[in-house]
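Asker: Provided below are the primary sequence and the corresponding predicted coordinates.
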Amino acid sequence: MIGEELLEKFESEAVFLKGTSKSSVKGETKASLNRRGNELLNNGDVENARRIFITTGYSDGLSRTGDFYKKKGQLIDALRMYWVAHDKKKSSELCMELSLFIKGLLAEDKNIWE
């Protein structure tokens with residue numbers, strides 16, 4: 001898909017998306033942090049939950065954080081979370097939505113100047 005290829009170029013240049021490596025947090029510590037992150041997310045403290053999920057590499061938490069951002073209309077932040085979570089389905093769908101949006105903007109701009 002074209003959008004994914006474009007994002008991969010940005011990722012390698014560290015311009016747009018911050019990738020994560022495998023978490024060094026293991027075992028019960030990781031589970032405890034993920035529970036805390038879930039609690040924070042459920043209570044609306046999205047930013048601290050996001051920080052925990054990035055630290056632990058908890059893909060489900062990252063994806064749900066992306067869902068929160070998407071509902072709030074923060075599509076770039078949502079895309080970042082989906083991408084870091086390796087949620088290809090949601091990131092591909094959002095890339096398609098954003099590309100259609102940009103295409104619409106370009107068409108409007110073209111019509112204004114004609």
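Answerer: Thanks, I have it. Numbering: from 1, shown residues only.
Asker: distance between the longest helix along the chain and the chain's centre?
Answerer: Longest helix in the chain by number of residues (criterion: DSSP state H): helix 88-113. Counting by C-alpha atoms, centre = their mean, to the nearest Å, helix 88-113 is centred 17 Å from the centre of its parent chain.
Asker: Now it: buried residues?
Answerer: Of the residues in helix 88-113, 90, 91, 94, 95 count as buried by neighbour count, 16 or more other C-beta atoms under 10 Å. Where C-beta positions appear, they are placed from N, C-alpha and C, glycine not excepted.
Asker: Just give me the residue right at the centre of this structure.
Answerer: By C-alpha atoms, centre = their mean, the chain has its centre lying nearest to residue 81, at 2.0 Å.
Asker: Check which helices and strands the host helix or strand of that residue is in contact with.
Answerer: Assigning secondary structure by DSSP states H and E places residue 81 in helix 75-84. Counting contacts by 3 or more C-beta pairs under 8 Å, 6 or more residues apart in numbering; DSSP states H and E, helix 75-84 packs against helix 2-12, helix 59-71, helix 88-113.
Asker: okay, the residue lying closest to residue 81 once chain neighbours are set aside: pLDDT?
Answerer: Distances taken as C-beta to C-beta, 6 or more residues apart in numbering put residue 66 closest to residue 81, at 3.2 Å, once the chain neighbours are dropped. Residue 66 carries a pLDDT value of 97.
Asker: now do residue 51
Answerer: Confidence for residue 51, expressed as pLDDT, is 96.
Asker: Next: residue 22.
Answerer: At residue 22, pLDDT is 63.
Asker: how about low-confidence regions in this structure?
Answerer: 1-23, 111-114 (pLDDT under 70).
Asker: before we move on, the earlier item: list the buried residues of the helix holding residue 81.
Answerer: Under 16+ other C-beta under 10 Å, the buried positions of helix 75-84 are 77, 78, 79, 80, 81, 82, 83, 84.
Asker: Please apply the same query to stretch 48-60.
Answerer: 49, 50, 52, 53, 54, 55, 56, 57, 58, 59.
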